[in-house]
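Student: Kindly generate the corresponding structure for this input.
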Amino acid sequence: MIDPGPPGTFRLAPSILAADFGELAARVHEIDAETDWLHVDVMDGHFVPNVSIGPPVVRSLRPYSTRFFDCHLMMTEPGRYLEAFKKAGADGCTVHVEVGGTKSLIEDARALSTGRTVPRRHRLAAADDRVPRFRRPNLHG
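Tutor: Numbering: from 1, shown residues only. Sure thing, here's the model as predicted:
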């Protein structure tokens with residue numbers, strides 16, 4: 001597993017969702033030296049209407065980057081996939097409090113050095129000791 005670095009430190013984490021998927025491995029390799037993390041937006045078609053990347057894509061990209069893989073799970077049941085993302089090479093996963101069961105999700109995900117996404121209106125609900133990510137889920141991650 002790749003060390004995410006000290007908490008609270010600025011990280012450059014470009015999203016592969018913006019890449020040309022026909023050349024995804026080449027683009028990931030190209031930016032590897034220029035970035036701190038690689039952000040992987042995962043959408044299940046339920047939590048947000050789009051469908052995107054899953055564990056097989058993370059597994060196929062792992063050889064092309066030495067960076068921390070931060071997988072943003074915009075899914076209705078992210079807990080079902082934590083182990084698959086870990087085995088695929090994810091270093092961390094981010095989940096949304098709106099899916100419920102946040103405390104148990106954080107406990108299940110600790111082995112991945114995970115954070116979690118918290119909407120702005122729920123800032124006080126952040127109970128994890130890691131820095132929560134403040135954003136709203138949308139079609140673009």
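
Student: okay, CA-based contacts and neighbour counts for the rest of this
Tutor: Will do.

Student: Show me where this structure has its strands.
Tutor: According to DSSP state E, the chain carries its strands in the segments 37-43, 68-74, 92-94, 117-118, 133-134.

Student: Can you tell me which of the ones you listed is nearest to Val57?
Tutor: Nearest to Val57, of all the strands of the chain, is strand 37-43, at 9.5 Å by Cα to Cα.

Student: Need the CA coordinates for that closest one. CSV is fine.
Tutor: Provided in CSV are the C-alpha atoms of strand 37-43 (Å, rounded to 0.1, in the frame of the first residue of the first chain):
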residue,chain,number,x,y,z
TRP,A,37,-2.5,10.9,-6.0
LEU,A,38,-4.7,9.5,-8.7
HIS,A,39,-8.4,10.2,-8.2
VAL,A,40,-10.7,7.4,-9.5
ASP,A,41,-14.4,8.4,-9.7
VAL,A,42,-16.6,5.3,-9.4
MET,A,43,-20.3,5.6,-10.2
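
Student: got any ranges where this protein has weak pLDDT?
Tutor: 111-141 (pLDDT under 70).

Student: Quick check: bridge partners of the closest residue to Ile2 other than its chain neighbours?
Tutor: In this structure, Ile2 finds its nearest non-sequential neighbour in Phe68, 5.5 Å apart by Cα to Cα, 6 or more residues apart in numbering. Counting by DSSP bridges, Phe68 is bridged to Trp37.

Student: Burial check on Phe68, number of neighbours?
Tutor: 22 (other Cα atoms under 10 Å).

Student: Now do the helices in this protein.
Tutor: Under the criterion DSSP state H, helices of the chain are mapped to 24-31, 55-61, 82-88, 102-109.

Student: sorry, back to before: so the residue nearest to Ile2 sits right up against Asp91, yeah?
Tutor: Yes: between Phe68 and Asp91 a contact is recorded at 5.7 Å, counting by Cα atoms under 8 Å.

Student: Now do the shared contacts for those two.
Tutor: Common contacts of Phe68 and Asp91, defined by Cα atoms under 8 Å, 6 or more residues apart in numbering, comprise Ile2, Pro4.
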